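> Any chance you can model this:
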Amino acid sequence: MVAPGRVGHMLIWLLVVLAACSPARRRVRGEIVRRVHFEGNGGLGSGHNDYQLRKALEQEATAPGLLIFPLKYLVDPKLLSEQMLVRDAYRLEVWYAHRGWFDARFAGWSTRRVRRAGRRRAGVLDVHGVIEPGPPSLVRSYAITGATGAPSAIARTVLRTGYLKEKRQYALDLAELDRAELETRLQRRGYAYAKVELQTDVYPDQRAVDVELKMKPGIMAVNGPIAVEGNENIDARFILQNLRLTEGNPYRLDDIVKAQNRLFAMGTFSIVNVTPDLSDPSLRAVPIKVRVSESKFRSLRLGVGLAVGIKRFEPNLFAKFKHTNLFNQLIGVELMGRVGAVANVGAIPLAPTWETRASVIYPRIFGHKVAQQLEVKIEQGVQQGLYRFFNPQADFRTIWKPSDVLVLTMGPHVEQFKYLDLDLRRKSVSTGDFGTRSTGSLDPLGEFTDGAVATARRLFGDDFKNPYQITSVDFGMTLDWRDDPLSSRRGSFLSTTVRAAFPLRTGDFSFVALTGDWRLFRPIRIGGDVPLTLATRVHGKAIFAIGDNPSLPYPELFFPGGAASMRGFPSRAMGPYSIFVTDRDQRSERRFFIPQGGTLGVVLSEELRYYGAYDLTYAVFVDLATLANPGRPLGEDNPNLLEQLKAGSRIAGGVGIRYASPLGPFRIDVALRPRYSEDFQGYDAESIGACSTDDDRRRIDVIHSLFNKCAGGPALMVFGAFGEAI
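Predicted coordinates for the structure are as follows:
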């Protein structure tokens, strides 16, 4: 009997899991609806495509995978209901009437058999509906009445920028959006009791609709008395300070919403409601009630993780303890610990890694507008899968929030970086166009001695030092206008930091590093709906030495690549490499590749998102990047900046899918890109293009690493991560 291999064990476990489940067809009795389609309606940009009509139905269709192994064990089957279809026929005609098709008629339903019902299996059907929409009606006149003084200017703005327009197709939902927008704008300007009514006159025989918004602004209001309820351990004065609402100040709806968000952002409440009492329209001072429910102040989270790269993986365990109200003074404390290991598959044994972090924040300065934070972090890791390092660092930040969208930070930073293991037993040589190569015996986890510094300088550049320390003052600014930080559909985001490092002793680094991240989210309207968002992101870094010391620390350089940067390349691994060749011309020869990084780099990403059913979002993206090293010589050639930017430019594109999980958006991105010069680094000049199936030279994409080492064509990368890339 032959014991099964790793693949066999995985298959056995998969069969065990599936054996405990039942296919969707066995879990119900009746007829299962696989799909719902329509005939006679429009296409994607028509305003009445299949997707939009299905959202109006009570009858649901089953998620994709009903007849596909192994998805059929996971999907939830949706049964056919004739009563629902009868009601849905009426719903569809109403849906069409609300969008200007007043003569629309629903002609009926039909079904198509996909799989017959069995003794123990439900049948499967596709449902088809036939629509006769007829010609749409247009908006003949559109007016806002009841506006005088300041409200009239608001009314003109809504007419100019609103969704509904004269001589365009009428849609009730667009008219309702304009009504709600006008009412909200009035409340933002202090008209707390403002009401707007929608009146629509329809003339089907003339294909015309007259729309009128009747505005009743009411009186200008101010903030009235503020009452706090539900707090037990948190002093009411802390809540009132965070509200930043003052009795007697002009009433603004935006201030109410921002106050509620500020209280929730404290992290001490599970429920926050800031509600104005608008029951008496004659009362100028609007009472405001604040109702909170305190959450648990202490939390402990445990988890596991696995970072997977090309021929490298890093499993880890982590724990995080958080206290949001220490001594009932809103002092925040956070402790984090992580242990793990890094391995280059088939090259070196597991190298233990660990990290510990402690943070204390005191937020109650100048009415909760200023906070002080002390953070200490100590990490032992493996740089680029090859060199172990020890890195303690500390930050003391002043955090100032002058407004709800602007955050400013400033404070000193100090850290030490030390490589724990470097090998002496190799001879370093230059290999011209193919980068820097070191040959000889290699033991990446061997004993450290001073002579290894010369070799490391050929790998990391002339600016390599070991150990070294950085003392700096860091400045940061963040502007956030996004509607939802986790899954943004509109708005913008800007973040920039400046690190000014200065020497405390002879030989210390002295440099300025600037990083920036700008994002823009624009909804695209199709047929009155907003199912699409165009997301743009530009991020990058520039670092340059100042003073007499031209050196720069290697970890501070810019390294594009990865799930949240330049897709198409492994994490922090875009651009040319320095190369280790070990045991040259021997059967045990191995090669290690260390990215050179850059002192200047920019990444531009464009992503078009389509929001589908079942909490799924589909994306198409393009990433452009360039990387250069002005002022940092890496070889005999020293091209000018323009030539470096041109030679360092890269492009990648692909598709992705996102799922709105309870932990945030989980996404899978598949990226394709052309091959560049670094893809061929590690070959001798006379053997470029040669390949054998037992070759262990550099392969940084899925096809070459897992399937066919000698495959041609573009490079393929697959990323899985939580959170959006843009």
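
> Every contact and neighbour count from this point should use C-alpha atoms.
Will do.

> So if we follow the domain assignment, how does this structure break up?
Using automatic domain parsing, the domain parsing of the chain gives 6-132, 138-216, 222-294, 471-486+505-722.

> And the average pLDDT for the first one is what?
In other words, domain 6-132. Confidence for domain 6-132, expressed as mean pLDDT, is 87.

> cool, and the longest one?
For domain 471-486+505-722, mean pLDDT rounds to 82.

> From one end of that domain to the other, what's the distance?
33 Å (C-alpha to C-alpha, to the nearest Å).

> is it fair to say L177 lies in a helix?
Yes: assessed by DSSP: H, G, I helix; E, B strand; the rest coil, L177 belongs to a helix.

> what's the nearest residue to it if we skip its chain neighbours?
For L177, ignoring the flanking residues on the chain, the nearest one in space by C-alpha to C-alpha, 6 or more residues apart in numbering is Y163 at 7.3 Å.

> State the pLDDT value of that neighbour.
We have a pLDDT of 87 for Y163.

> Format the domains of the chain as CSV; extra columns: distance to M410.
Output for the domains of the chain, formatted as CSV (distance: least, C-alpha to C-alpha, whole Å):
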stretch, distance to M410
domain 6-132, 49
domain 138-216, 33
domain 222-294, 21
domain 471-486+505-722, 5
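
> Turn those domains into a markdown table, including mean neighbour count.
Formatted as a markdown table, the domains of the chain follow (neighbours: other C-alpha atoms under 10 Å):
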| stretch | mean neighbour count |
| --- | --- |
| domain 6-132 | 16 |
| domain 138-216 | 18 |
| domain 222-294 | 17 |
| domain 471-486+505-722 | 18 |
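
> so which of these comes closest to F313?
domain 471-486+505-722 (12.0 Å; C-alpha to C-alpha).

> List the contacts of stretch 97-108.
Stretch 97-108 is contacted by residues 89-90, 92-93, 96, 129-138, 169-173, 204 when judged by C-alpha atoms under 8 Å, 6 or more residues apart in numbering.

> actually stretch 359-378, not the one I typed
Under the criterion C-alpha under 8 Å, 6+ apart, residues 241-242, 330-335, 355-358, 390-402 lie in contact with stretch 359-378.

> Just confirm the residue nearest to L177 contacts L174, I think it does.
Yes: with contact defined as C-alpha atoms under 8 Å, Y163 counts as touching L174 (5.6 Å).

> quick one, helices of the protein?
For the chain, applying DSSP state H gives helices covering 6-19, 50-55, 82-97, 150-161, 172-188, 236-243, 253-265, 452-460, 641-647, 702.

> before we move on, the earlier item: quick one, which of the contacts of stretch 359-378 are buried?
The neighbour count (16 or more other C-alpha atoms under 10 Å) marks 241-242, 330-335, 355-358, 390-401 as buried among those.

> taking those one by one, which sit in strands?
For those, the ones inside strands are 331-335, 355-358, 390-400, with DSSP state E as the criterion.

> closest one to I726 among the helices of the chain?
Among the helices of the chain, the nearest to I726 by C-alpha to C-alpha is helix 253-265 (22.5 Å).

> one step back: so who does the residue nearest to L177 touch?
By C-alpha under 8 Å, 6+ apart, the neighbours of Y163 are 174-175, 177-178, 528.

> farthest pair in these?
Maximum distance among the contacts of Y163 (C-alpha to C-alpha): 12.3 Å, for D178 and G528.

> circling back to that earlier point, can you convert the contacts of Y163 into JSON lines and add a column each for distance to H413?
As requested, these are exported to JSON lines (distance: C-alpha to C-alpha, whole Å):
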{"residue": "L174", "distance to H413": "52"}
{"residue": "A175", "distance to H413": "54"}
{"residue": "L177", "distance to H413": "49"}
{"residue": "D178", "distance to H413": "50"}
{"residue": "G528", "distance to H413": "51"}
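
> pLDDT check: weakest of these?
Model confidence across these bottoms out at G528, which has 51.

> how far does stretch 247-257 stretch from start to finish?
The straight-line separation of the ends of stretch 247-257 (C-alpha to C-alpha) is 16 Å.

> From the rest of the structure, what touches it?
Under the criterion C-alpha under 8 Å, 6+ apart, residues 184, 187-192, 220-226, 245, 274-275, 285-286 lie in contact with stretch 247-257.

> Now with 10 Å, please.
With contact meaning C-alpha atoms under 10 Å, 6 or more residues apart in numbering, stretch 247-257 is reached by 184-192, 220-226, 243-245, 259-262, 273-276, 284-288.

> Identify the contacts common to D178 and G528.
Looking at what touches both D178 and G528 (by C-alpha under 10 Å, 6+ apart), the common residues are 163-164.

> What ranges in the stretch 351-500 of the chain fall below the confidence cut-off?
Low-confidence segments of the stretch 351-500 of the chain (pLDDT under 70): 384-385, 422-464.

> for it, what spans make up the strands?
Secondary structure of the stretch 351-500 of the chain (DSSP state E, counting those that start in this stretch): strands located at 351-365, 370-383, 387-400, 406-419, 426-430, 436-440, 468-480, 491-501.

> Describe which strands the third one pairs with in its sheet and in which direction.
Each strand that strand 387-400 pairs with, and the sense of that pairing, follows from DSSP bridges: strand 370-383 (antiparallel), strand 406-419 (antiparallel).
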